[in-house]
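1. need coordinates for the below:
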Amino acid sequence: MKGIFPIDKFERIQTPFYYYDTELLRATLHAINTEVSKHEGFVVHYAVKANANPKVLRVIREAGLGADCVSGGEIEAALKAGFAANKIVYAGVGKSDWEIELGLDNDIFAFNVESIPELEVINELAGQKGKTARIAFRINPDVGAHTHANITTGLAENKFGIAMSDMETVIERAAEMQHVKFVGLHFHIGSQILDMSDFEALCNRVNELQTQLENHRIRVENINVGGGLGIDYQHPNRVSIPDFKAYFDTYAKKLKLRPGQTLHFELGRAVVAQCGSLITRTLYIKEGAHKKFCIVDAGMTDLIRPALYQAYHKIENISSELPMEAYDVVGPICESSDVFAKQIDLNGAHRGDLIAIRSAGAYGEVMASQYNCRKLPQGYASDEI
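-> Residues are numbered from 1 along each chain as shown. Presented below is the predicted three-dimensional model:
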């Protein structure tokens, strides 16, 4: 485990920081492209919200993926990293005017539209520019997922998407507008999904909706099923690349694509999570009344997932070969929730030891904040240090 980290080089870098293994990232992208190449009409967009580090984006763009963006800032980051505008899709329930105009000015592939009011605004803004916006309607399929409640997005109670009962109405409404063109349907049921039956349920729902639309002579050019594939947080070394074969094969077998249809995916976590680690330094070992605390210089401002989702990350003391001891690993933020893990086994820790918080390449650096007036963590790629 410790051999995968260049500890001697880490000593020169101020902690906390993010470390990205670009060799693993490229191997992951190769695995994606290998599986996608087996299926005609499959296209993958990288979900920029998972990690917008410029070095990471560059590697992903070089692998040929498109970009899935949920803000104007993400569109700008994707364009700056060299992603082709015609491979960018833009989703989100609250697109502001300047963000829509940015997408229009750059002729992005499609806007994933989530409501009739949004559709009307896009049509108006496109008309002002003499353009036609390509739109895909995000449909809420009311399909649950075996994941954390805070990261489910496909249930009727969630804020995302258009209700299935309104699908035909909004498509007909778009057909009446001069400055939008209906090009597809978009779905996304949640994140960190490992049970392929969840994706099978989505396939079944999409099949039903396609048949319903065809009965009304409505043809769909593009189907976008979002992302959601999870990773193994328990075993980042043993399972460093997700099972992309099972994931893409599920859609190939269960989703009934029509001739000429393109199937789009928006993978984020599965692409970048395992290649990233948060590297932090031990400040103090505190002997509590009933436990030991390993107090590190990273906190919930650097990696909020444990505080926000009670998320598990494997934690390793990469400076020590001492026998294992139980610690609460905590940060310096003035919040009781600033805890990375409780009562976990680490090699005996001392002040100055480097601690690696694994599987942090997704929703880590990109969600960092400056609460307590802390500096944002820097991100380093393995091929630059």
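
2. switch to C-alpha atoms for all contacts and neighbour counts from now on
-> Fine.

3. pretty sure residue 163 sits against residue 139.
-> Yes: with contact defined as C-alpha atoms under 8 Å, residue 163 reaches residue 139; the gap is 6.1 Å.

4. who has more neighbours out of the two?
-> For the pair residue 163 and residue 139, the greater number of neighbours falls to residue 139 (25 against 16), based on other C-alpha atoms under 10 Å.

5. measure that one to residue 85 for me?
-> 24 Å (C-alpha to C-alpha, to the nearest Å).

6. before we move on, what about residue 340?
-> Taking C-alpha to C-alpha, one finds residue 340 at 38 Å from residue 85.

7. equivalent analysis for residue 76, please.
-> For residue 76, the distance to residue 85 - C-alpha to C-alpha - is 10 Å.

8. mind checking which of the two has more residues around it?
-> Using other C-alpha under 10 Å, the more surrounded residue of residue 76 and residue 85 is residue 85, with 19 against 16.

9. grab the nearest non-local neighbour of that one.
-> Once flanking residues are discounted, residue 85 sits nearest to residue 108: 4.7 Å by C-alpha to C-alpha, 6 or more residues apart in numbering.

10. now do residue 354
-> Closest to residue 354 by C-alpha to C-alpha, 6+ apart is residue 281, at 4.6 Å.

11. wasn't that neighbour part of a strand?
-> Yes: in this structure, residue 281 lies within a strand as judged by DSSP: H, G, I helix; E, B strand; the rest coil.

12. now do the contacts for it.
-> 15, 16, 296, 297, 298, 351, 352, 353, 354, 355 (C-alpha atoms under 8 Å, 6 or more residues apart in numbering).

13. one more: residue 41?
-> 260, 261, 262, 263.

14. run the last query once more with 6 Å
-> 262, 263 (C-alpha atoms under 6 Å, 6 or more residues apart in numbering).

15. could you do the one 10 residues further on as well?
-> Listed by C-alpha under 6 Å, 6+ apart, the contact partners of residue 51 are 362, 366.

16. next up, identify which helix or strand residue 76 is on.
-> helix 72-80 (DSSP states H and E).

17. same question, residue 295
-> Per DSSP H and E: strand 292-296 holds residue 295.

18. ranges for the strands of the stretch 51-200 of the chain?
-> Remark: strands assigned in the stretch 51-200 of the chain by DSSP state E, counting those that start in this stretch are 66-69, 88-90, 110-113, 133-140, 162-163, 180-186.

19. worst average pLDDT in those?
-> Here the lowest mean pLDDT among those goes to strand 162-163, at a mean of 86.

20. check which helices and strands the helix or strand where residue 346 lies sits against.
-> Residue 346 is part of strand 339-347, with elements assigned from DSSP H and E. Using 3 or more C-alpha pairs under 6 Å, 6 or more residues apart in numbering; DSSP states H and E as the contact test, the elements touching strand 339-347 are strand 324-330.

21. distance to residue 198 for the strands of the stretch 51-200 of the chain - can I get that in JSON lines?
-> Converted to JSON lines, the strands of the stretch 51-200 of the chain look like this (distance: least, C-alpha to C-alpha, whole Å):
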{"stretch": "strand 66-69", "distance to residue 198": "21"}
{"stretch": "strand 88-90", "distance to residue 198": "24"}
{"stretch": "strand 110-113", "distance to residue 198": "22"}
{"stretch": "strand 133-140", "distance to residue 198": "14"}
{"stretch": "strand 162-163", "distance to residue 198": "19"}
{"stretch": "strand 180-186", "distance to residue 198": "16"}
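
22. those strands: which one's closest to residue 362?
-> strand 66-69 (14.5 Å; C-alpha to C-alpha).

23. quick revisit: is it true that the residue nearest to residue 85 touches residue 86?
-> Yes: look at residue 108 against residue 86 with C-alpha atoms under 6 Å: they come within range, at 4.9 Å.

24. neighbour-wise, which of those two wins?
-> Using other C-alpha under 10 Å as the criterion, residue 108 and residue 86 rank with residue 108 on top: 19 against 13.
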